[in-house]
Structure formats: C-alpha cells, structure tokens
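Visitor: 3D model of this:
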Amino acid sequence: MVVVGIAAVLAAMSAGAYDQLTARADFSSVVGNLVTSVRLTRSEASGRGVATAFVVDTRNNRWWGVEAPTGWTLAAFDPTNPGTVIASDTFPTGSGKAVFGPAGGYGQRLPVPFASVPVVSAQSPSLPYCSFCDANTGMGALVFQPNGLTAFAGSVPAGTAQGQQFTIVSPVDGRTVLLAVVGRTGVLEVFDR
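Guide: All right, here's what the predicted structure looks like:
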C-alpha cells in the first residue's frame with residue numbers, strides 16, 4: 001500500500017509539472033506568433049512602399065497588421081472590415097494561455113536605447129501594459145512608415161513619442177513579455193520577465 005501511495009503522489013506531481021510545462025510552451029507559442037506578426041507588419045511597410053499599422057485591441061485580446069495608406073486613422077479602423085490585412089490573430093480563449101497585461105504593466109525600466117519607453121506607472125501611460133492604447137477603447141496602433149520611422153496612434157502621453165510598448169502576461173504563472181518600439185528607428189525588442 002505504501003508503494004502504491006508513493007506512486008500515486010509521484011504521478012500527481014508529474015501531472016502538475018506536465019500541465020505547467022504545457023502552459024509555458026503554449027504561452028511561448030502565442031508570444032512568438034504575436035512578435036512575428038509585428039515584425040511582418042513592420043517589414044511590409046518598406047516592401048509595399050505604403051505605411052502599415054499594427055493594431056492591438058487589449059479588451060478583446062486580438063491584433064491586426066494592416067496597410068495604413070495616407071489618411072488612415074485608428075478612429076476610423078473597423079475590426080469587422082479592417083482593410084488590407086497583413087496579419088491578424090486572437091489569443092486563444094478560455095485557455096488562460098495569454099492576455100494583454102498585467103494591470104500594473106511591466107514595472108521596471110528598460111536598458112538603453114529603450115530607456116525612454118514608458119513602462120512604469122510613474123510615467124502615467126494610459127494603460128500601464130500598453131503605453132499607446134486609449135484607456136476608453138483599449139485600442140492602439142504602431143504605424144510603420146516605409147522610411148523606417150514609427151508613429152503611434154491611440155493615446156500617447158505627452159513627451160513619450162520616442163518609444164512605446166505593450167505587454168502580454170501568462171495567467172498561469174505570471175510570466176510577462178514586453179514588446180518595445182523606438183519611434184525614430186522602428187527598432188523592436190522583446191523583453192521577457
């Protein structure tokens with residue numbers, strides 16, 4: 001009976017470890033897809049010779065990479081008719097794999113050249129986990145120009161146009177990944193915490 005009891009305890013422990021390992025792998029897959037979508041949207045701006053926008057909807061946990069020709073605005077963006085789509089996806093629902101967040105943001109400053117990107121609440125971004133998103137709609141956009149510059153649409157706090165960020169969190173273990181963009185160069189960097 002003791003051997004059976006020990007075997008049961010070990011089986012339960014390994015099942016929990018397997019679930020944790022699977023959750024981490026699922027989160028990494030979702031983050032990889034999101035980062036690939038942002039990079040594809042950025043590269044398509046120069047490839048197509050027209051501005052592109054990476055639009056995030058933090059309320060519905062989804063995103064789009066779209067063409068953003070002259071006159072494109074986030075206010076006029078219609079999720080049901082987004083225009084010419086480069087990439088789009090939604091975080092898996094009901095799985096707890098990933099969401100925009102956490103509510104308090106990334107919570108620590110980034111190294112140079114990303115030090116000017118607002119990542120802590122003291123800088124008062126509209127949403128701590130999405131510094132360029134509108135607090136009322138939960139939406140924001142990174143607008144990539146063919147010349148490599150990046151602009152931000154949504155609600156950009158004064159004095160922070162040089163760079164912006166958004167974060168994704170794993171509800172299972174709290175792992176947080178931040179994607180930062182420098183405006184004058186369009187350089188993207190991923191920080192994992």
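
Visitor: Residue 103 in helix, strand or coil?
Guide: coil (DSSP: H, G, I helix; E, B strand; the rest coil).

Visitor: Could you measure from it over to residue 148?
Guide: 33 Å (Cβ to Cβ, to the nearest Å). For every residue, glycine as well, the C-beta is placed using N, CA and C.

Visitor: So which of these two has more stuff around it?
Guide: Between residue 103 and residue 148, counted using other Cβ atoms under 10 Å, the more crowded position is residue 148 (13 against 10).

Visitor: pLDDT weak spots in this protein?
Guide: 5, 7-24, 93-96, 120-126, 157-161 (pLDDT under 70).

Visitor: could you redo the last one with a cut-off of 50?
Guide: Scanning the chain with the threshold set as pLDDT under 50 gives 123.

Visitor: Do you have the helices of it handy? List them.
Guide: Along the chain, the segments classed as helices by DSSP state H run 2-48.

Visitor: Now residue 166. Nearest residue, chain neighbours left out?
Guide: Spatially, and ignoring its direct neighbours in sequence, residue 166 is nearest to residue 130 (4.2 Å; Cβ to Cβ, 6 or more residues apart in numbering).

Visitor: now residue 70
Guide: residue 51 (7.7 Å).

Visitor: got it, and residue 192?
Guide: Using Cβ to Cβ, 6+ apart, the closest residue to residue 192 is residue 177 (5.1 Å).

Visitor: Many thanks, we can stop here.
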